[in-house]
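Asker: predicted model and sequence follow; I will ask about them next.
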Amino acid sequence: MSVQAFIKAAPRGLSISFLIAFVILNGLGVWQLYRLHWKEQLIADMARTEAMAPVPAAALLGQTKSEWRSAVLPACHVDFSRALYMHSAVDGTPGYRVLGACPAGQGPDMLVDLGFVTARISGALDFTPVGRLRPADKPSVFAPVNNPAAQDWYTRSTAEMGKALGVPLRPDYFLVTDLKASRLDQAGLQQGPLTAPLFNRHLEYALTWFGLAWIMAGIVFVMIRQRMAPVKSNA
């Protein structure tokens with residue numbers, strides 16, 4: 001069987017549709033391989049900076065990849081009874097992320113994630129925040145809408161939370177507190193993840209797209225072979 005005969009046996013519409021789909025699926029697989037390389041570099045950058053000593057946040061703000069660095073803010077006073085409590089969960093346990101405002105060393109105050117609690121807490125203390133800078137949350141279509149009037153929070157909206165706390169907040173970054181490094185000892189307060197989770201399943205996704213492309217190619221091959229098979233006479 002020649003290649004030319006095989007191609008002629010395929011319906012024109014099927015051939016065009018198959019080629020378009022085959023190219024798209026393989027293109028998605030290649031794109032996931034690029035994403036794999038990017039994510040591996042991102043994870044390596046994060047691991048590299050974990051051992052670096054904290055530096056004043058004012059020296060980092062405005063730099064690229066500031067979120068990969070540990071930062072220290074000036075001394076801060078926190079009243080837990082006036083903090084904001086954002087719905088969250090740690091290891092399947094529902095609770096809240098405790099959020100307050102602290103001086104950033106320059107410009108507006110910075111939103112500070114003080115840790116995780118299973119119930120609202122009270123008390124006040126002074127401490128020096130040390131933690132990891134994180135980019136401000138971007139609104140997600142899947143997240144419930146904040147209800148500031150009811151103090152019902154689901155995302156770290158610096159604009160809304162600044163109004164609720166009564167101070168302007170930086171719109172670009174917030175700080176996730178390292179409780180141990182900050183010597184923040186408050187009953188009920190637990191350490192939460194310092195960095196955003198970086199899931200890396202891009203190789204799996206790439207293999208899925210490549211697999212779909214070649215499974216489709218196999219199905220089309222079988223269909224064309226059946227079309228080319230001689231019809232047996234019943235006479």
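Answerer: Ah, there it is.
Asker: residue contacts, R134?
Answerer: 67, 113, 173-176, 195-196 (C-beta atoms under 8 Å, 6 or more residues apart in numbering). Heads up, the C-betas are built off the backbone N, CA and C, glycines and all.
Asker: from the residues you listed, pick the one nearest K138.
Answerer: Relative to K138, the closest of those is A196; by C-beta to C-beta it sits at 11.5 Å.
Asker: quick check: which element contains the residue nearest to that closest one when sequence neighbours are not counted?
Answerer: Distances taken as C-beta to C-beta, 6 or more residues apart in numbering place R134 nearest to A196, at 6.4 Å, with adjacent residues excluded. Using DSSP states H and E, R134 sits in strand 130-135.
Asker: give the partner strands of that strand in its sheet and their orientations.
Answerer: Counting by DSSP bridges, the strands paired with strand 130-135 are strand 70-72 (antiparallel), strand 169-177 (antiparallel).
Asker: among these, which is nearest A21?
Answerer: Using C-beta to C-beta, the strands paired with strand 130-135 put strand 169-177 closest to A21, at 41.8 Å.
Asker: if we can go back for a sec, pLDDT on the strand holding R134, on average?
Answerer: Averaged over strand 130-135, pLDDT sits at 89.
Asker: cool, stretch 28-44 as well?
Answerer: Regarding stretch 28-44, the rounded mean pLDDT is 88.
Asker: show me which residues of that stretch are buried.
Answerer: 28-29, 32-33, 35-36, 39 (16 or more other C-beta atoms under 10 Å).
Asker: any idea how far the top helix by length along the chain is from the chain center?
Answerer: Longest helix in the chain, counting residues (DSSP state H): helix 12-50. Distance of helix 12-50 from the chain centroid (C-alpha atoms, centre = their mean, to the nearest Å) equals 18 Å.
Asker: mind giving me the packing neighbours of the following helix or strand past that helix?
Answerer: Of the helices and strands lying after helix 12-50 in sequence (DSSP H and E), the nearest is strand 55-56. Applying 3 or more C-beta pairs under 8 Å, 6 or more residues apart in numbering; DSSP states H and E, one finds that strand 55-56 contacts strand 70-72.
Asker: state whether D113 is indeed within a helix.
Answerer: No - looking at D113 with DSSP: H, G, I helix; E, B strand; the rest coil, it is strand, so not inside a helix.
Asker: without its sequence neighbours, what residue ends up closest to it?
Answerer: Nearest to D113 is V176, by C-beta to C-beta, 6+ apart, at 4.6 Å.
Asker: list the contacts of the one you found.
Answerer: Counted by C-beta under 8 Å, 6+ apart, V176 has contacts 113, 131-132, 134, 192-195.
Asker: per-residue confidence for L212?
Answerer: So L212 comes in at 92 (pLDDT).
Asker: what's the angle from the helix or strand M216 falls within to helix 12-50?
Answerer: Assigned by DSSP H and E, M216 belongs to helix 202-228. Taking axes from the mean of the first three to the mean of the last three C-alpha atoms, to 10 degrees, one finds helix 202-228 and helix 12-50 inclined to each other by 170 degrees.
Asker: buried stuff in helix 202-228?
Answerer: 202, 205-206, 209-210, 212-213, 220, 224.
Asker: show me what it is packed up against.
Answerer: Short answer (3+ C-beta pairs under 8 Å, 6+ apart): helix 202-228 packs on helix 3-9, helix 12-50.
Asker: the longest one - contacts with which helices or strands?
Answerer: Here helix 12-50 touches helix 202-228, going by 3+ C-beta pairs under 8 Å, 6+ apart.
Asker: chain center to the helix it packs on: distance?
Answerer: 32 Å.
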